[in-house]
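[1] For reference, the sequence and a predicted model appear below.
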Protein chains: 4
Amino acid sequence: MSLGKLMGVPADDSPARRGRRKEARPGELLDAALDLFVEKGFAATRSEEVAARAGVSKGTLFLYFPTKEELFKAVVRENISGRFAEWNEEFETFEGSTPDMVRYCMRVWWERIGATRASGITKLIISEARNFPDIAAFYHQEVIAPGTKLVQRILERGMARGEFGAIDIEYTVFSIVAPMVYLTMMKHSVGACVPQDFEVDPERYVNTQVDNLLHGLCVRAGEKQA
Amino acid sequence: MSLGKLMGVPADDSPARRGRRKEARPGELLDAALDLFVEKGFAATRSEEVAARAGVSKGTLFLYFPTKEELFKAVVRENISGRFAEWNEEFETFEGSTPDMVRYCMRVWWERIGATRASGITKLIISEARNFPDIAAFYHQEVIAPGTKLVQRILERGMARGEFGAIDIEYTVFSIVAPMVYLTMMKHSVGACVPQDFEVDPERYVNTQVDNLLHGLCVRAGEKQA
Amino acid sequence: MSLGKLMGVPADDSPARRGRRKEARPGELLDAALDLFVEKGFAATRSEEVAARAGVSKGTLFLYFPTKEELFKAVVRENISGRFAEWNEEFETFEGSTPDMVRYCMRVWWERIGATRASGITKLIISEARNFPDIAAFYHQEVIAPGTKLVQRILERGMARGEFGAIDIEYTVFSIVAPMVYLTMMKHSVGACVPQDFEVDPERYVNTQVDNLLHGLCVRAGEKQA
Amino acid sequence: MSLGKLMGVPADDSPARRGRRKEARPGELLDAALDLFVEKGFAATRSEEVAARAGVSKGTLFLYFPTKEELFKAVVRENISGRFAEWNEEFETFEGSTPDMVRYCMRVWWERIGATRASGITKLIISEARNFPDIAAFYHQEVIAPGTKLVQRILERGMARGEFGAIDIEYTVFSIVAPMVYLTMMKHSVGACVPQDFEVDPERYVNTQVDNLLHGLCVRAGEKQA
DNA sequence: AATGAATGAGGGTTCATTCAT
DNA sequence: GATGAATGAACCCTCATTCAT
């Protein structure tokens, strides 16, 4: 269970740079740009810095991306591969209970998104949405809307199977999404600056959020109190 | 009653503004700066724009704040006066049940913080923390740490009074904070660009989050299903 | 008869610079830009150089002209004040013979245009027309077309009064315009680089061109040869 | 007969082009460069564009010309092979009248120079002389001076044979050169942008200029008026 | 010889900051 | 205090030139 490694930044590889590698360049530049845009924001990131981190010169960056803004858009696009087809299929074939599905869902989200460099996109979008409304719209359409729909289907499954009570499905989506987004923010924002107090254990975090969400804080009628 | 001011500070909104008296200047500049920093980020906000929105000239801004960075810090400081001593006292005197306290807490947080311009500070800090680590540290010390402690005390009260089950108090703090932060993000970020789907009703939002958190999604043993 | 001073460049005045002179700036910048654009062309002229010649810093230039291209267009516009109304009136009230009018016309063109810094515009337009087609169209409409019409009217006057023979009026316009343009080119182009052989005396130049044009090179039937 | 090549050099136009053999490369590059330099000027022409128009890659250009400036100089040199020795000899053997010689000279100049791509050199030199003073000096020495001398000899022949009156030979050279230069400017500059009004018929142009120059506009004593 | 990926100096433009009025 | 013209460092981007293949 590779849930660990919270909040770490994958060190640049750079083993044997120095060979014309046309195909690799855009990817390296996008990786560098993602890191820097997430860290400093779009405006505060200098093109030259992106190039330097990718191990190339300033001019090379513009060989692949005509403007800094196009680089930004490519970064977003690159990190939003529509994985929802895959995830929807996983949903269809999942055989356990819906509570298990919720827990599985959040764990898997952490493993595949939260723990990876791609999670920075969330912070990036939140920070830059109003400067790039079309990017915000694109993100909404490609990520938020499908994600919301998937979570809704999970909740509906739970209700249909009698596992969940009568809940406000539409707004309960936020109860699942908010903790994930919040963990991402911690990782990429304040948590990256004030580390001592934010040594969050992702597994414990996910488990706690799921436990609380499924069963509530309140003692249940007929239950023994601790 | 002032528990509601938890976790943020209402920007002193329009009491006797419009006086165009000298004393009002810094406040108007801070208000303008807050709005713009939240909307566009620190780097993308131009000093002249702040001045213009405050109704003064570019030069005047630098009469009150020696640099743009100092203006930024003042904006954060101004919107984070540490009222936690007062709020802690309010906590002591609260007389209702702890679940009521949680619900009241979140409702009032929305009214006094979330719905006001001060809520932008949260987005601002998240966006700029890594560019201003000392500001992040300051925010952590002045807001996050006391806020966390206060929420912990609420949770402890609930457990002590037998209202809450055996919960992981330290990580359950996030279950209360995450929905609030998430609502703030929606308001100030993507939600401000892609409105149609984000017409969130704050009251319904808060109620749903609190309901889910207190009682959980799962049907309870012995309960009737809907 | 101030025909002289051919090919000289008026030295910059700059007596007591150093006082905020908002109104004067645009004019000084346009003068500096005209000189440099004429000398080096649009692309080879650096913005900073224009600013320096006008005695201001680089940034100041952009306070008055949003882009280098707008500066260029302003330079052209500024130096094409429609003097044709005035000239047309001079034409109407001219009382001498048409040959005298032709000679007067060319002399006056030299005094008012050819000898001044404005004559550089002609070289500038010739050099840059294809890079700025809209400017070329503008110049055509504001200068070439009215100028052509004026010269045509002169020629028509000469024919109507029996002073000129049966000439191809439309193409004879070029016989008057070409020498003027050519003199301008000498002044602002090769003549400015290879001076020794181009010490052209403008008065002699104009007189020779007019004499040749009016009377022709060929000896006339019944005339004595020199 | 080769008097016609006066004052310019026809770019060796498409004899057995399309061979894509190595020897053709520099010539194709020079042709492409001439066109582009004439159209856009030296500074605004990109090396890569020259290469592309010549059908080779950017690197190949620099295989043949070490710098863009050397390319420019080669373009000028290539189009100015000093054929004046030959032309002077042609002048010696011309058998017609001097007025015929003048007319023949201008007609043939148009056919062999004015109408070909080589005529662009004139505009190029006018536009760039001050950025390349050594090129201007070279052009002066190779083209202007010999051309001037040749025209002077023509004029002197006319006077010596009693065909021309007492003219200012030195400055009358301009009466012959200016119309040719002016036609070239029309072709390569404004006339290329504002076509409708510049549909000049070269034959009519040359005839009109020569007629006017030889016989003058004024009616002659003892002539019938039209 | 030919290519085209890579470089980096250079130039247009922005904008925080200064300062004379 | 208030203003806004002026400054110049900094940044995005271009393009002549290099060089490994």
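    Yes, it's here. Numbers count the residues shown, from 1 in each chain, chains lettered A, B, ... in the order given.
[2] Make sure A:S175 is indeed in a helix.
    Yes. In this structure, A:S175 lies within a helix as judged by DSSP: H, G, I helix; E, B strand; the rest coil.
[3] Would you map the helices across chain A?
    Under the criterion DSSP state H, helices of chain A are mapped to A:24-40, A:47-53, A:58-64, A:68-78, A:84-93, A:98-109, A:120-128, A:133-139, A:145-160, A:169-188, A:190-193, A:202-215.
[4] Report the rounded mean pLDDT for the fourth one.
    Yep, that's helix A:68-78 we're talking about. Averaging pLDDT along helix A:68-78 gives 96.
[5] and it, how far out from the chain's middle?
    Taking Cα atoms, centre = their mean, to the nearest Å, one finds the center of helix A:68-78 at 17 Å from the center of the full chain.
[6] Check the helices of chain A for me and report the most buried one.
    The highest average neighbour count among these, using mean count of other Cβ atoms under 10 Å in any protein chain shown, belongs to helix A:120-128 at a mean of 24. Using the backbone N, CA and C atoms, a C-beta is placed for each residue, glycine as well.
[7] then it to PDB, C-alphas only?
    Output for helix A:120-128, consisting of C-alpha atoms alone and laid out as PDB, is shown next (Å, rounded to 0.1, in the frame of the first residue of the first chain):
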ATOM      1  CA  GLY A 120      -0.400  20.100  -8.100                       C
ATOM      2  CA  ILE A 121      -2.900  20.800 -10.900                       C
ATOM      3  CA  THR A 122      -5.600  21.200  -8.400                       C
ATOM      4  CA  LYS A 123      -3.800  23.900  -6.500                       C
ATOM      5  CA  LEU A 124      -2.800  25.500  -9.800                       C
ATOM      6  CA  ILE A 125      -6.300  25.600 -11.100                       C
ATOM      7  CA  ILE A 126      -7.600  27.100  -7.800                       C
ATOM      8  CA  SER A 127      -4.900  29.700  -7.900                       C
ATOM      9  CA  GLU A 128      -5.200  30.700 -11.500                       C
END
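[8] Taking helix B:120-128 as reference, get the angle to that helix.
    130 degrees (axes from the mean of the first three to the mean of the last three Cα atoms, to 10 degrees).
[9] hmm, helix A:120-128 in reach of chain B?
    Yes. Contact of helix A:120-128 with chain B is found when judged by Cβ under 8 Å from any Cβ of the partner chain, involving A:123, A:125-128.
[10] same for that helix, what does it pack against?
    Judged by 3 or more Cβ pairs under 8 Å, 6 or more residues apart in numbering or on different chains; DSSP states H and E, helix A:120-128 is in contact with helix A:24-40, helix A:68-78, helix A:133-139, helix A:169-188, helix B:120-128.
[11] Looking at these, spot the one closest to C:I144.
    Each of the helices and strands packed on helix A:120-128 was scored for nearness to C:I144 using Cβ to Cβ, and the closest is helix A:68-78 (41.6 Å).
[12] Pop the domain breakdown of chain A in here.
    Taking automatic domain parsing as the domain assignment, the ranges for chain A are A:24-78, A:84-215.
[13] Ends of the last one, what's the gap?
    Separation of the first and last residues of domain A:84-215 by Cα to Cα, to the nearest Å is 28 Å.
[14] can you check stretch A:114-121 too?
    Stretch A:114-121 stretches 10 Å from its first residue to its last (Cα to Cα).
[15] Sort out which residues of that stretch are buried, please.
    Residues of stretch A:114-121 classed as buried under the neighbour-count rule (16 or more other Cβ atoms under 10 Å in any protein chain shown) are A:114-115, A:118-121.
[16] Run through chain A and note the low-pLDDT ranges.
    Judged by pLDDT under 70, chain A has its weakly predicted residues at A:1-21, A:195-198, A:221-226.
[17] and with 90 instead?
    Under the criterion of pLDDT under 90, the regions of chain A flagged as low confidence span A:1-25, A:80-87, A:193-199, A:219-226.
[18] Next one: the nearest residue to A:I80 once chain neighbours are set aside from B:D100, what distance?
    Closest residue to A:I80 in three dimensions, ignoring its sequence neighbours and counting by Cβ to Cβ, 6 or more residues apart in numbering or on different chains: A:E142, at 5.1 Å. Noted for A:E142: a distance of 41 Å to B:D100, by Cβ to Cβ, to the nearest Å.
[19] So which residue is smack in the middle of chain A?
    Geometric centre of chain A, nearest residue: A:S119, 3.2 Å, by Cα atoms, centre = their mean.
[20] follow-up on the earlier one: please produce JSON lines containing the residues of helix A:120-128 next to chain B, extended by distance to C:A74.
    Rendered in JSON lines, the data for the residues of helix A:120-128 next to chain B read as follows (distance: Cβ to Cβ, whole Å):
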{"residue": "A:K123", "distance to C:A74": "45"}
{"residue": "A:I125", "distance to C:A74": "42"}
{"residue": "A:I126", "distance to C:A74": "43"}
{"residue": "A:S127", "distance to C:A74": "40"}
{"residue": "A:E128", "distance to C:A74": "36"}
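[21] just the residues you listed that are near DNA strand E?
    On the criterion Cβ under 7 Å from any atom of the strand, none of the entries of the residues of helix A:120-128 next to chain B sits beside DNA strand E.
[22] Now do the phi/psi pair for the residue of chain A found nearest chain C.
    Each residue of chain A has a distance to chain C, by Cβ to the nearest Cβ, and the smallest belongs to A:T67, at 17.0 Å. Here is the backbone geometry of A:T67 (degrees, to the nearest 10): phi -140, psi 170.
[23] swap in A:D168?
    Recorded main-chain torsions at A:D168 are phi -80, psi 90, according to degrees, to the nearest 10.
[24] Which residues lie in contact with it in this structure?
    A:D168 is in contact with B:204, B:208, B:211, counting by Cβ atoms under 8 Å, 6 or more residues apart in numbering or on different chains.
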